[in-house]
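>>> What follows is a predicted protein model with its sequence.
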Amino acid sequence: MFSKPRQIKKYRRKGRNFISSNKIRPEQWQISNREATEALNTKGYNIKQIKKIQCLKHQVCISYWDGAGNICSSFFSYRIFGRWQQEVENLIYTSQTLKEWARVNYVMKHELAYYKYPSQMEDVLCAALENRLYVLKLTLQQAVYQNFY
């Protein structure tokens, strides 16, 4: 009888995660059956065999046979794969200036706040950010001293 109030979508800025900012393009990855099985097993799924893997822009669709022999299909985030961690670490370590590092750090903070990362991966990425910041500050300091003398 009464209509529901219209839900208003919150404004979301573009470029606040690695995929939408085109820093990482996981839809071009060729995810193997072994890699998908490994990721899903660490997530807690009982996988017998992978049937089909379809890479989309922001997620991957995986069809598989579970331990009971049922065919299951679901969408999963790319963030559960080890390759995601390697790509993010590569972004961190290839930042050459403090400004580039600050951009990566800004997006990483947003990623950690809005997406569920495995705790081990989160710790590794935070340590990589801290290490890179230390190295960039040290090289900047050396460059200043070198120009001074």
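Ah, there it is.

>>> Hmm, residue 125 and residue 89 touching each other?
Yes. With contact defined as C-beta atoms under 8 Å, residue 89 reaches residue 125; the gap is 6.9 Å. (Glycine included, C-beta is placed from N, CA and C.)

>>> Give me the mean pLDDT for the host helix or strand of residue 140.
Per DSSP states H and E: residue 140 is located in helix 119-148. For helix 119-148, mean pLDDT rounds to 85.

>>> buried set for that helix?
Buried residues in helix 119-148, counted by 16 or more other C-beta atoms under 10 Å: 121-122, 125, 128-129, 132-133, 136.

>>> what's the answer for stretch 106-114, then?
Buried positions in stretch 106-114, judged by neighbour count with 16+ other C-beta under 10 Å: 107-108, 111.

>>> Just list the residues touching residue 37, thanks.
Contacts for residue 37 (C-beta atoms under 8 Å, 6 or more residues apart in numbering) come out as 47, 50, 64.

>>> let's see 6 Å
Contacts for residue 37 (C-beta atoms under 6 Å, 6 or more residues apart in numbering) come out as 47, 50.
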